[in-house]
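Visitor: give me a 3D structure for the following:
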Amino acid sequence: MGARDTICALASGPPPSAIAIIRVSGPAVGEIGAAFLAAGLPEPKRATLTYIHDAEGAQIDQGLALYARGPHSYTGEDTLELYLHGGPAVIGHALRALTSLPGVRLAEPGEFTRRAFEAGKLDLTEAEGVADIIEAETVAQKAQALRQLGGGLTQIYDAWREELTGALALIEVMIDFPDEGDVPLDTLRPILLELDKVIAEIETALGDRGVGERIRDGFRIAIIGPPNAGKSSILNRLARREAAIVTDIAGTTRDVVEVRLILGGQVVWIADTAGLRETEDVVEAEGVRRARRAAAEADLRIHVIDGAAPSPPPGPVETQDIVVFNKADQRPAILAPDGALPVSATSGEGIETLESRIAAFVSQRASSVEAPVITRARHREKLLAGLASLTAARAALISDMGAELAAEDVRMALRQLSSVIGRVDVEDVLGAVFSKFCIGK
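Guide: Numbering: from 1, shown residues only. Modelled structure (predicted):
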């Protein structure tokens, strides 16, 4: 991505649509305005109705043109937005005309926002917030994305960086003036207090049980139990479609089958799994292994008891897990173990209650952390690394291993925290972040 290129892209939804927005950013905006707009380049931030022509003079459309002069624009560069009729022919003609000019090309995914980041218009977490607000399906996802886009995470990470920078300055005093009389008598104590404060806050952030990531990506729920207990039928009832194959043959489900739903205002991924049993069948055994892994990684497990042949759940049942007694239409509910929810995948009995319990769980879990500091695996990875460095720095200071080692550990922690918001050279991270954007952002 050359910084001197002018980029263009469709910034609105795919055609056909009532209105199409073509976004252009870069040094050729002035030339484009003069060559393509009958009214010429508009005054900055004043929408102008004009005819748009290509380089040969053929009319593309009549629409609105809106110009923003850099650095007072989204990307920090000169930008031009064309509001045209949203038909495929108009959009195609406009993009072909623009890219026919030397130095003008189609934008890559996320390139407009990347340029905004590079111009200092927003940091990396705010850029991620742009992507998240575009993808948001639920109110919770939207609220989290808006908070991130508005700098909510930036403020927290900047506060940590400021506190650690102060601690590092005191450590440098210990290094540079070990025997000078003007060194505070109790230099170590304020350093440890600062480190302990940041360490405690990072540990709290890491102890959120992944709520921020779950709000963004979805909560994981696994349906587990013995073969032929009705797990696939329950999944189909919850999905309201035939997502999983159902037969009377034990071991039909060999792999994990997932459906994506909205329950309790949250995205949930519900997984049907292979029946848990000992088997010599190599393929089925692999399915059982995957089922156990899905159960271990799930936020919530639905343990299915076969009402036709009741037996205790084969795996451990955690406090939040739901135990269901399936085939309640065939066997009296009184046979269900204490606390088990009678359901019938055949008749639908109890399925609405099961949905309500799942919804209550994800809703409660999502609200258990007021403002998650971590919304991506990338954030968690960097915080874990930063915490390890700070713990090492504290240990070095207490054991008198050397202020130099402690200073280097604090610097490493600062680099890890700074890389979350993009305040250090994070070229390897940028591609991964911005490649997930739509083209027009």
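
Visitor: which other residues reach whichever helix in the chain runs longest?
Guide: Looking only at the chain and at elements set by DSSP state H, the helix with the highest residue count is helix 152-176. Helix 152-176 has contacts (C-beta atoms under 8 Å, 6 or more residues apart in numbering) with 123, 125-126, 147, 183-184, 187-188, 190-191, 194-195, 197-198, 201-202, 371, 373, 375, 379, 390, 397, 403-404, 406-407, 410-411, 413-414, 417-418, 420-421, 423. For glycine as for every other residue, the C-beta is placed from the backbone atoms N, C-alpha and C.

Visitor: ok, Glu108 to Cys8 distance?
Guide: 12 Å (C-beta to C-beta, to the nearest Å).

Visitor: those two: who's more crowded?
Guide: Legend: neighbour count by other C-beta atoms under 10 Å for Glu108 and Cys8, higher for Cys8 (29 against 16).

Visitor: partner strands of whichever strand or helix holds the more buried one and their direction?
Guide: Under the criterion of DSSP states H and E, Cys8 resides in strand 6-10. In the sheet, strand 6-10 lines up against strand 17-25 (antiparallel), strand 104-106 (parallel) (DSSP bridges).

Visitor: now mean pLDDT too, for these, in a markdown table please.
Guide: Below are the strands paired with strand 6-10 laid out as a markdown table (pLDDT from 0 to 100):
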| stretch | mean pLDDT |
| --- | --- |
| strand 17-25 | 96 |
| strand 104-106 | 96 |
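
Visitor: which of those strands sits most buried?
Guide: strand 17-25 (a mean of 20; mean count of other C-beta atoms under 10 Å).

Visitor: list the contacts of that one.
Guide: With C-beta under 8 Å, 6+ apart, strand 17-25 has contacts from 6-12, 32, 73-75, 77-87, 90-91, 94-95, 98, 104, 107, 112, 115, 440.

Visitor: is it true that Ala47 touches Tyr67?
Guide: No - the criterion here is C-beta atoms under 8 Å, and Ala47 misses it with Tyr67 at 9.3 Å.

Visitor: compare these two (neighbour count), which wins?
Guide: Neighbour tally, Ala47 and Tyr67, criterion other C-beta under 10 Å: the higher count belongs to Tyr67, 24 against 14.

Visitor: and the more buried one, bridged to which residues?
Guide: Counting by DSSP bridges, Tyr67 is bridged to Pro44, Leu80.

Visitor: show me what contacts it?
Guide: Listed by C-beta under 8 Å, 6+ apart, the contact partners of Tyr67 are Val29, Gly33, Leu41, Pro42, Glu43, Pro44, Lys45, Arg46, Asp78, Thr79, Leu80.

Visitor: still on that earlier bit, can you point out the buried residues in the longest helix of the chain?
Guide: Buried residues in helix 152-176, counted by 16 or more other C-beta atoms under 10 Å: 152-154, 156-158, 160-161, 163-164, 167-168, 170-171, 173-174.

Visitor: separate out the buried members of the contacts of strand 17-25.
Guide: Among these, those classed as buried by 16+ other C-beta under 10 Å are 6-12, 32, 73-75, 77-86, 90-91, 94-95, 98, 104, 107, 112, 115, 440.

Visitor: state the distance from Leu149 to Arg115.
Guide: Plainly put, Leu149 is 17 Å away from Arg115 if you go by C-beta to C-beta.

Visitor: again but with Ala274, I slipped
Guide: 48 Å.

Visitor: same question for Ala328.
Guide: With C-beta to C-beta as the criterion, Ala328 and Arg115 are 59 Å apart.
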